[in-house]
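*Asks:* My questions are about this predicted structure, shown below with the sequence.
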Amino acid sequence: MKKYLIGKGVAAVLALALTAPVLGGCENVSEQDIQSAAEAVSDAATAISEAAGTSEELEAALNAANAYIRDVDLESLVQLGDYKGVTVEVEKPEISAEDVETYLEYMEQSMPASKEVTGRPVQEGDTVNIAFAGRLKETDEYFDGGTSESYDLVIGSHSFIDGFEEGLIGAEIGETRDLELKFPDSYHAENLAGKEVIFETTVHSIKVQAPMDDAYAAGLGLEGVTDMASLKTYLQKQMQAQDDETYKEKVEEAVIEKVVGNAIVSETPQEMVDRYVAQFNQQATLMAQNYSAMYGYTVTADDFVNMLMTQNNFTGTAEEYIRDRAKQTANRYLVLADVAAQEGITITDEELEASIKEDLSSATQPYDNLDDYLKALGVSKEGYREELLGHKVAEFLTEQATVKEPAK
């Protein structure tokens, strides 16, 4: 399903939040955490769409009269300006050799080449693979997020709480140590802040950094990569492909903003605004629930909204922010729908059913029918149709547009 303003905004803040410290024994997030979090974003988005039930507020908004474009008189609400062949300025990305070298430096820091060493204990700078289980000293109970069977930790990275890494220096491979530590009073998880804990920790292996050479490149398992030269070629192609995709998205967004900016919406139907407010609130709530369940400490819908407000430098209240976003979204779709009406662009029932079924086939949770799936997703079939129509119109407008490089 193609999502625009609200869907993209909440998904973006989820990605941001997933990079926060999540392990019970960690104070600073490691690159390993970030990589794992990035992989979890798509899974989390799927889980959110599959959350059971919808709020009464959302159901009422979805069923309200005049909540959809089909129920309003576009001609009386929207006055289109120039929309066909608009000109936008978007810088086209080009990956240079310097960009590739910078990324290789990042890889050297985040994915260092390593080799195992034996016959000596842990030293500063080593990467140790450990198992650990943390429990509260006063109750001897294990706490959520403080356990791992296999974790790579760089000694001296200060990614775990004070004393953890220092406590492993001198440990032999296979040795188990009980590390008696204390969480900082300002620790983000209230149930652990200031608590004395014991981490039962076992060292599985010790690795040291090795040079990034042809053997390292070949060992990455990337198609066609056999040495550093082919790795650089591979990275250049991958980075360019990613930037090209981002460029297409930026062009489409710039075109939509230009067309919407050229139009005048005399009045935004309150029922449509209410529908988007309810959808935004529902998505933020479901994301907070999913994140809390995933990482074992409470994150609220307000936390997500506050992060979005910070990202967009919004200084009003959360309610004002959500309503402002909802009104922008409603106006956006009203303008795109009027363009569709002028150009004869439609979404047939067959296209609608095919798109929903495509989404349904990729859902990890089985559904008996399309209605159940849409209810879990928090949208109506008509709302789904509007989003598909918006996507089709956006493609049409982008094909007609002129894209120029910004003046330098």
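*Replies:* Nice, thanks for sending it over. Numbers count the residues shown, from 1 in each chain.

*Asks:* Quick check: what element follows the longest helix along the chain along the chain?
*Replies:* The single longest helix within the chain, with elements called by DSSP state H, is helix 228-262. Proceeding N to C from helix 228-262, the next assigned helix or strand is strand 264-265, under DSSP states H and E.

*Asks:* re the thing from before, just checking, what packs against the longest helix of the chain?
*Replies:* Counting by 3 or more Cβ pairs under 8 Å, 6 or more residues apart in numbering; DSSP states H and E, the packing neighbours recorded for helix 228-262 are strand 87-89, helix 97-110, helix 214-218, helix 318-343, helix 381-400. For every residue, glycine as well, the C-beta is placed using N, CA and C.

*Asks:* Please point out which parts of that helix sit buried.
*Replies:* Buried residues in helix 228-262, defined by neighbour count with 16 or more other Cβ atoms under 10 Å: 228, 230-232, 234-236, 239, 250-256, 258-260.

*Asks:* tell me the angle of that helix relative to helix 318-343?
*Replies:* 80 degrees (axes from the mean of the first three to the mean of the last three Cα atoms, to 10 degrees).

*Asks:* I'd like the distance from helix 228-262 to the chain centre, please.
*Replies:* Remark: helix 228-262 is offset 18 Å from the chain centroid, using Cα atoms, centre = their mean, to the nearest Å.

*Asks:* okay, the angle between it and helix 97-110?
*Replies:* Going by the same axes, to 10 degrees, helix 228-262 makes 110 degrees with helix 97-110.

*Asks:* ok, the nearest residue to Phe314 once chain neighbours are set aside - contacts?
*Replies:* Nearest residue to Phe314, sequence neighbours excluded (Cβ to Cβ, 6 or more residues apart in numbering): Tyr321, at 4.9 Å. Contact analysis of Tyr321 by Cβ atoms under 8 Å, 6 or more residues apart in numbering lists 305, 308-309, 312, 314.

*Asks:* do Arg323 as well
*Replies:* Residues in contact with Arg323 (Cβ under 8 Å, 6+ apart) are 273, 277.

*Asks:* redo that, cut-off 10 Å
*Replies:* Taking Cβ atoms under 10 Å, 6 or more residues apart in numbering as the criterion, Arg323 is in contact with 273-274, 276-277, 280, 316-317.

*Asks:* for Lys404, same thing?
*Replies:* Here Lys404 is in contact with 87-92 (Cβ under 10 Å, 6+ apart).

*Asks:* Quick check, pLDDT for it.
*Replies:* You'll see Lys404 listed with a pLDDT of 94.

*Asks:* go on, Ala215?
*Replies:* Note for Ala215: predicted pLDDT of 90.

*Asks:* Asn369 versus the residue lying closest to it once chain neighbours are set aside, what's the distance?
*Replies:* Nearest residue to Ala215, sequence neighbours excluded (Cβ to Cβ, 6+ apart): Ala113, at 8.0 Å. Taking Cβ to Cβ, to the nearest Å as the measure, Ala113 falls 52 Å from Asn369.

*Asks:* now for the contacts of Arg323, which pair is the farthest apart?
*Replies:* The largest distance within these, taken as Cβ to Cβ, falls between Asp274 and Gly316 and amounts to 18.5 Å.

*Asks:* quick one on the thing from earlier: relative orientation of the longest helix of the chain and helix 381-400 in degrees?
*Replies:* 110 degrees.

*Asks:* oh, and call the first residue 44 from now on, that's how I've got it
*Replies:* Understood, numbering begins at 44; the last thing we discussed is helix 271-305.

*Asks:* related to what we said a few turns ago, nearest to Ile388 among the contacts of Lys447?
*Replies:* Nearest to Ile388 out of the contacts of Lys447 is Val131 (Cβ to Cβ; 20.1 Å).

*Asks:* Could you find the closest non-adjacent residue to the closest one?
*Replies:* Ala297 (4.1 Å).
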